[in-house]
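In: Have a look at this prediction, sequence included:
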Amino acid sequence: MGPVLGIETSCDETATALLDADGRILAETVLSQTREHAAFGGVVPEIAARAHLHYLPDQVTALLAQAGLGVRDLGGVAASGGPGLIGGLIVGSLMAKGLAMAAALPYVAVNHLEAHALTARLPGLMPGGAGFPYLLLLVSGGHCQCVAVEGVGRHVRLGGTVDDAAGEAFDKVAKLLGLGWPGGPALERLAARGDPRRHDFPRPMLRREGCDFSFSGLKTAVAQVVARYPAGPLPQQDAADIAASFQAAVTEVLADRARHAMAMMRARAPAADLLVVAGGVAANRAVRAALEEAAARAGFRLAAPPLRLCTDNAVMVAWTGIERLRLGWTSPLDFAPRPRWPLDSADLRPAA
Ligand code: KG4
Ligand code: ZN
């Protein structure tokens, strides 16, 4: 099989990647649209769609030039087909289908969540690659869920958020503290100077059975504290204490939920011993340290792909394309991109 092209346009990253059949990265481009959306304090779907349309063709051209390859040298084209913002999904899917049709290549509509899930299997990331089954904790701005990854197209959602995603909570609290968008990294920096014991914020779902999450009550509790101050910027130390106390609450909840998820995983597959974290929140050092400790206690290894592969990227999309093409699984050219496409959908594998 020739190299596989991956395209990611489900949110606000326009990304392309070219991987050889063994999963080695031949070329890669990522264009983050942070600048386009920052003024609005979040991703504006229409602006994202237009930016993908504007950037994607040149990115594909540049990618192929980087690798010194033409479309006809490829072994397949894979694009995120959902879940995500429909405008971007349409742009990426149509580009992939057009290339596939023009060069008679197989096309793979990739489930973006499966792409996050299978990243840990990229050769070279972990000795031997992650073998099935393993536990995935996906914590990003849009997703917050625990998944038993049992095979390509075989995923069981063990639990997830009933309201906000963890990254969304970081972003909303960062906004309350006047830190700009996206707020997670800035909030982590501010928290480093604060007292995590100053505010006893709620720990939603702590010790609750299962591994669901909830963050909206925590966000409201922070908003109530912030509302006690007069309008305008908070005193520096007070803001740092709020940030640190909030981060401590999120961290404790994530570690507790991961503990429950590991127990659930063990009940499904007694030999399972790998916890993979993915998503932007995995960049947070306090979160990572707490997960590391929870995993060690449960007899699990923690694997966190390098950050650029944790956040949205096209390497994971191309890799998922390769995993599927190896099984002979392709998608029809009339595949309709899906804003919603849960990871445990039965249609992630061919009908038996
Ligand atoms: O995976 P990602 O790049 O995009 C998706 O949402 O798919 O994740 C971005 C999210 C944002 O909510 C951002 O605030 C959060 O991850 N994030 C962080 C940190 N870095 C990024 N949250 C907490 N601490 C960080 N250091
Ligand atoms: Zn993502």
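Out: Happy to help now that I have it. Ligands and ions are numbered 1, 2, ... in the order given.
In: how close does whichever residue of the stretch 1-150 of the chain sits closest to ligand 1 sit to Leu176?
Out: At 2.8 Å from ligand 1, Gly141 is the closest residue in the stretch 1-150 of the chain, using Cβ to the nearest ligand atom. Bear in mind the C-beta positions are built from the backbone N, C-alpha and C, glycine included. From Gly141 over to Leu176 the distance is 16 Å, taken as Cβ to Cβ, to the nearest Å.
In: ok, the two, which is more surrounded?
Out: The residue with more neighbours, out of Gly141 and Leu176, is Gly141; 26 against 20, by other Cβ atoms under 10 Å.
In: one step back: would you mind giving both backbone torsions of the residue of the stretch 1-150 of the chain closest to ligand 1?
Out: phi -70, psi -30 (degrees, to the nearest 10).
In: contacting residues for it?
Out: By Cβ atoms under 8 Å, 6 or more residues apart in numbering, Gly141 lies in contact with 11, 165, 167-168, 171, 182, 184, 279-280.
In: try 7 Å this time
Out: Listed by Cβ atoms under 7 Å, 6 or more residues apart in numbering, the contact set of Gly141 reads 165, 167-168, 171, 182, 280.
In: Could you do Gly41 as well?
Out: By Cβ under 7 Å, 6+ apart, the contact list for Gly41 reads 175, 181.
In: go on, Pro45?
Out: Applying Cβ under 7 Å, 6+ apart to Pro45 gives the contacts 85, 87.
In: how close does it get to Ser10?
Out: For Pro45, the distance to Ser10 - Cβ to Cβ - is 11 Å.
In: intersection of neighbour lists for these two?
Out: Leu85.
In: residues from the chain in reach of ligand 1?
Out: 11, 140-142, 167-168, 170-171, 182-185, 188, 279-281, 283-284, 311-312 (Cβ under 6 Å from any ligand atom).
In: out of those residues, which are buried?
Out: Among the residues of the chain next to ligand 1, the ones that count as buried by 16 or more other Cβ atoms under 10 Å are 11, 140-142, 167-168, 170-171, 182-184, 188, 279-281, 283-284, 311-312.
In: buried ones in the helix ranked longest in the chain?
Out: Scanning the chain for the longest helix, with DSSP state H as the assignment, gives helix 236-268. In terms of neighbour count (16+ other Cβ under 10 Å), helix 236-268 has its buried residues at 238-262, 264-266.
In: Tell me which helix or strand comes right after it.
Out: Heading C-terminal from helix 236-268, the first helix or strand you meet, by DSSP states H and E, is strand 274-278.
In: pLDDT on that following strand, on average?
Out: Mean pLDDT, computed over strand 274-278, is 95.
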